[in-house]
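> from the sequence below, what's the structure:
(one chain, ligands or ions: 2)
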Amino acid sequence: MLSSIRKEDIAGECSTCGALITQKPHGYSMLKYKIPLCYDCQSFFETPRICAICKRPVTPDCVYITFLCKDCQQQVTDTFESEFKKEPYTTKQQVLIHLALKEQQIDNIMNYEVVYGEGYHKTIDICIPQASVYLEVNGLHHAYSPRQVWSDLWRTHFSAVSGFLVLNVYNVALMRNFLYIINGIERIVEARMASMCFSDTDN
Ligand SMILES: [Zn+2]
Ligand SMILES: [Zn+2]
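Ligands and ions are numbered 1, 2, ... in the order given. Sure, this is the predicted structure:
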């Protein structure tokens, strides 16, 4: 608890959740994980984990955005480098989600160009065309920057008008919630595809 920590006892910030930490957890986590972590995040790291893409068990040192085995880390890096040459706004987080969805047999396209109307173009981070879903993989400023929130609102509006659902995924949530997020996207895609089937049979 912050109130119980004296200012002079603070040794740094937890690199995962940002909590202020004292010398004891700081020293221990620097030694063991090479990054400062609070007790809560340490116990998170010590729970058995699986790779976010191939689902094989991984050790706590396999952290790259989230838990990823070394082979999948390499796959993310390679895909990122080739995509980055085509689209310099590509992020590794976006590539990771692209690959994890592909692994779950969900076809998706990175950096998908959309023209909403005259003068309004947008590159969508990830498009899942068969379910009419757009995924935006965003920094946290999308939650609080007035200019960004306003621009996102228009994108959501124009997307909805053309029948597309926009899902926002925040980079900061990926570390601890990756598998939940992928699972949630899968269920949304399934539900969207099922409802599209129903409307097709109406004809
Ligand atoms: Zn923490
Ligand atoms: Zn893997």
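> and residue 39, what is it in contact with?
residue 25 (Cβ atoms under 8 Å, 6 or more residues apart in numbering). Backbone N, C-alpha and C define where each C-beta goes, glycine included.
> starting at the chain centroid, how far to the helix ranked longest in the chain?
The single longest helix within the chain, with elements called by DSSP state H, is helix 171-201. With Cα atoms, centre = their mean, to the nearest Å as the basis, helix 171-201 stands 13 Å off its chain's centre.
> same question, stretch 100-120
Going by Cα atoms, centre = their mean, where stretch 100-120 is centred and where its chain is centred differ by 15 Å.
> name the residues of it that are buried.
Residues of stretch 100-120 classed as buried: 100, 101, 103, 106, 108, 110, 111, 112, 114 (neighbour count, 16 or more other Cβ atoms under 10 Å).
> ok, stretch 137-156 next?
137, 138, 142, 152, 155, 156.
> swap in stretch 20-38?
Those would be 21, 22, 25, 26, 29, 33, 36, 37, 38, for stretch 20-38 by 16+ other Cβ under 10 Å.
> what about ligand 1: which of these touch it?
Intersecting the buried residues of stretch 20-38 with the contacts of ligand 1 gives residue 38 (criterion: Cβ under 5 Å from the ion).
> which members of the buried residues of stretch 20-38 occur in strands, if any?
Of the buried residues of stretch 20-38, the ones assigned to strands by DSSP state E are 21, 22.
> and the furthest pair within the buried residues of stretch 20-38?
22 and 33 (16.5 Å; Cβ to Cβ).
> so what are the domain limits for this protein?
As given by automatic domain parsing, the domain ranges for the chain are 1-47, 96-201.
> mind putting those domains into TSV with mean pLDDT?
Output for those, formatted as TSV (pLDDT from 0 to 100):
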stretch	mean pLDDT
domain 1-47	86
domain 96-201	92
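> possible to save these as CSV with distance to ligand 2?
Listed next are the domains of the chain as CSV, based on distance: least, Cβ to the ion, whole Å:
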stretch, distance to ligand 2
domain 1-47, 17
domain 96-201, 9
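> residue 65: which of those domains is closest?
domain 96-201 (5.4 Å).
> go ahead and confirm residue 101 touches residue 108.
Yes. Assessed by Cβ atoms under 8 Å, residue 101 is found in contact with residue 108 at 5.1 Å.
> give me the common contacts of the two.
By Cβ under 8 Å, 6+ apart, the residues touching both residue 101 and residue 108 are 126, 128.
> turn the buried residues of stretch 100-120 into a markdown table, including secondary structure.
Below are these laid out as a markdown table (DSSP: H, G, I helix; E, B strand; the rest coil):
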| residue | secondary structure |
| --- | --- |
| 100 | helix |
| 101 | helix |
| 103 | helix |
| 106 | coil |
| 108 | coil |
| 110 | strand |
| 111 | strand |
| 112 | strand |
| 114 | strand |
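> fine by me, thanks again.
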